[in-house]
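Chemist: build me a model from this:
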Amino acid sequence: MKKRKTLQDLTIKDNFLFGAVMSVEENCRGFLAMVLGFPIARVVVSKEKSIVYHPEYKGVRLDIYAEDEHRTHYNVEMQVQKKNALGKRSRYYHSQMVMEALASGEDYETMPDTFVIFICDYDPFGEHLYCYTFGNECKENKRVKLDDGSCTIFLSTKGENEEEVPPELVRFLKFVTADLEESEGDFQDELVKQFQETIRNIKTDRKMGERYMIFEEMLREEKQEGRLEARQEAVFDLLEDLGEIPVELRDRIENLEDIGKLKILIKMAAKTDSIADFANEVEPYLISED
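Modeler: Residues are numbered from 1 along each chain as shown. As a prediction, this is how the structure comes out:
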């Protein structure tokens, strides 16, 4: 069984710690200025839209959402495992920020610029670059820009073009990919030192320890719910090939919260010749234990 991480085991790559570190305005501002290459005087991290550590916000995922003094909006994501459709994910994040502005009554001309930044502990495009920056431009003439105010940046810890990017970006990405012991070393970088100091404070804060425990419990509950729903849907998919599922039978399966029993129901649904036969066979598994 995989050992459960404690707060002391976390590095900047872990969702909870990354969210906690980046929620500090000084850290978020320093990171954005380092990546974008221009100074940012002030940034506000929105805890209502970013990762938070309280049960009433169950379901909220890592999503550092910030706004600077020019009303430019930023979304920063840590990506440890390779995921599909990153381009479409970025489009979704941009749309979320834009829709909020439109919902508040803004005109198109006054919509804020938006940046979506992914920090990837892998190479998302396989070109061995530390930084991939995307904006909309004319296919026929790349000098013609759309100027839609959106920019997407993918940072990769697996880059090999150190001579083409700022050295502080390379140092930061080496810090990101480091294991626990390595991450506590000296990277000869002020922003990394700043992050390390914040991490030390978080790991010695009793309240942060309690919040991490709540956060972990939230994740476990959601994973459990996800597994249950997936198995329930598998049963329904198999039965729907045989006809319409009675409402009572569907409701009883939806209320079944035993993964072991749901596995049995999947096998039965795959072998049954009719929904009526299935209902009779599974009756012992659907009896309430209360």
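
Chemist: next secondary structure after the helix or strand harbouring C28?
Modeler: Assigned by DSSP states H and E, C28 belongs to helix 25-36. Next along the chain after helix 25-36, taking DSSP H and E as the criterion, comes strand 43-45.

Chemist: by contact count, what packs against that following strand?
Modeler: Identification of packing neighbours for strand 43-45 by 3 or more CB pairs under 8 Å, 6 or more residues apart in numbering; DSSP states H and E yields helix 25-36, strand 64-68. (C-beta placed from N, C-alpha, C; glycine too.)

Chemist: tell me how far the last one lies from the chain's centre.
Modeler: Mean-position distance between strand 64-68 and its chain equals 15 Å (CA atoms, centre = their mean, to the nearest Å).

Chemist: which strands and helices lie in contact with it?
Modeler: Counting contacts by 3+ CB pairs under 8 Å, 6+ apart, strand 64-68 is packed against helix 15-22, helix 25-36, strand 43-45, strand 73-79.

Chemist: out of those, nearest to E168?
Modeler: Among the helices and strands packed on strand 64-68, helix 25-36 comes nearest to E168, with 5.6 Å by CB to CB.

Chemist: wait, P39 touches A33, no?
Modeler: Yes - using CB atoms under 8 Å, P39 is in contact with A33, at 5.6 Å.

Chemist: looking at those two, which is more packed in?
Modeler: A33 (17 against 8; other CB atoms under 10 Å).

Chemist: could you find the closest non-adjacent residue to that one?
Modeler: Leaving aside its sequence neighbours, A33 sits nearest to I40 (CB to CB, 6 or more residues apart in numbering; 5.0 Å).

Chemist: next one: that neighbour from V98, what distance?
Modeler: Between I40 and V98 the distance is 20 Å, computed by CB to CB, to the nearest Å.

Chemist: next, the angle from the longest helix along the chain to helix 15-22.
Modeler: For the chain, the helix with the greatest residue count under DSSP state H is helix 206-240. Inter-element angle recorded for helix 206-240 and helix 15-22: 130 degrees (by axes from the mean of the first three to the mean of the last three CA atoms, to 10 degrees).

Chemist: can you show me the CA trace of whichever helix or strand comes after helix 206-240 as PDB?
Modeler: For helix 206-240, the succeeding helix or strand toward the C-terminus, using DSSP H and E, is helix 247-254. What follows is helix 247-254, C-alpha atoms only, in PDB (Å, rounded to 0.1, in the frame of the first residue of the first chain):
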ATOM      1  CA  VAL A 247     -36.700   3.600 -12.100                       C
ATOM      2  CA  GLU A 248     -36.700   1.700  -8.800                       C
ATOM      3  CA  LEU A 249     -33.800  -0.600  -9.900                       C
ATOM      4  CA  ARG A 250     -31.800   2.400 -11.100                       C
ATOM      5  CA  ASP A 251     -32.400   4.200  -7.800                       C
ATOM      6  CA  ARG A 252     -31.300   1.200  -5.700                       C
ATOM      7  CA  ILE A 253     -28.100   0.800  -7.700                       C
ATOM      8  CA  GLU A 254     -27.400   4.600  -7.400                       C
END
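
Chemist: which parts of the helix or strand just after helix 247-254 are buried?
Modeler: Sequence order places helix 259-271 as the next helix or strand after helix 247-254, per DSSP H and E. Residues 261-262, 265-266, 268-269 are the ones in helix 259-271 that count as buried (16 or more other CB atoms under 10 Å).

Chemist: related to what we said a few turns ago, tilt between the helix holding C28 and helix 15-22?
Modeler: Relative orientation of helix 25-36 versus helix 15-22 (the same axes, to 10 degrees): 90 degrees.

Chemist: and helix 25-36, what does it pack onto?
Modeler: Under the contact definition 3+ CB pairs under 8 Å, 6+ apart, helix 25-36 sits against helix 15-22, strand 43-45, strand 64-68, strand 73-79, strand 114-120, helix 167-177, helix 190-203.

Chemist: so what touches the helix or strand following the fourth one?
Modeler: Using DSSP H and E, the helix or strand that follows strand 73-79 in sequence is helix 86-103. The set of residues external to helix 86-103 that reach it, using CB atoms under 8 Å, 6 or more residues apart in numbering, is 63, 65, 73, 75, 77, 79, 83, 111-112, 114, 116, 118, 124, 134, 150, 152, 154.

Chemist: same deal with stretch 272-286?
Modeler: Residues contacting stretch 272-286 (CB under 8 Å, 6+ apart): 239, 242-246, 249, 252-253, 256, 261, 264-265, 268-269.

Chemist: let's go with 10 Å and repeat that
Modeler: By CB atoms under 10 Å, 6 or more residues apart in numbering, the residues outside stretch 272-286 that reach it are 235, 238-246, 248-249, 252-253, 255-256, 258, 260-262, 264-265, 268-269, 271.
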